[in-house]
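[1] model this:
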Amino acid sequence: MNGNKVVTKCCICGREKTDQGWQYTFQANEPKSVYSHGFCPACYDVEVMKAKMRLAMPAMAVLR
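    Next comes the predicted model:
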């Protein structure tokens with residue numbers, strides 16, 4: 001990709017995928033970094049569970 005390094009970042013928690021797994025990084029990345037966003041495994045599991053809960057909950061009647 002034109003010499004740019006692609007860094008995968010979690011769109012929920014902001015951790016970045018490294019050779020050691022998903023980690024928070026506090027140093028500045030290389031100037032030629034390009035970000036690609038996705039879900040880390042932990043945030044993916046939480047979002048799937050939230051989606052399943054929304055589908056399982058019946059529509060609630062609006063109280064007047």
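[2] show me where the chain has helices.
    When assigned using DSSP state H, the helices of the chain occupy the ranges 41-56.
[3] Next one: the residue nearest to residue 15 when sequence neighbours are not counted from residue 11, what distance?
    Spatially, and ignoring its direct neighbours in sequence, residue 15 is nearest to residue 22 (4.4 Å; C-beta to C-beta, 6 or more residues apart in numbering). For every residue, glycine as well, the C-beta is placed using N, CA and C. When C-beta to C-beta, to the nearest Å is applied, the distance between residue 22 and residue 11 equals 12 Å.
[4] Might you list the low-confidence residue ranges for the chain?
    Scanning the chain with the threshold set as pLDDT under 70 gives 1-2, 27-30, 58-64.
[5] mind redoing it with 80?
    Segments of the chain classed as low confidence (criterion: pLDDT under 80) are 1-3, 26-32, 56-64.
[6] can you pull up the bridge partners for the residue nearest to residue 15?
    Under DSSP bridges, the beta-bridge partners of residue 22 are residue 17.
[7] what's the answer for residue 37, then?
    According to DSSP bridges, the partner residues bridging residue 37 are residue 9.
[8] so what's it up against?
    Residue 37 makes contact with 8-11, according to C-beta atoms under 8 Å, 6 or more residues apart in numbering.
[9] Filter these down to the buried ones and hand me the PyMOL line.
    What follows is the PyMOL syntax selecting those of the contacts of residue 37 that are buried according to 16 or more other C-beta atoms under 10 Å:
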select buried, resi 9+10
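[10] end to end, how far does stretch 21-39 reach?
    Looking at stretch 21-39, the gap from its leading to its trailing residue is 13 Å under the measure C-alpha to C-alpha, to the nearest Å.
[11] measure the residue nearest to residue 15 to residue 10 for me?
    Separation of residue 22 from residue 10 (C-beta to C-beta) stands at 7 Å.
[12] Identify the contacts common to those two.
    Taking C-beta under 8 Å, 6+ apart as the contact criterion, the common neighbours of residue 22 and residue 10 are 16, 40.
[13] Roughly how far does residue 38 sit from residue 31?
    Here the distance between residue 38 and residue 31 works out to 22 Å (C-beta to C-beta).
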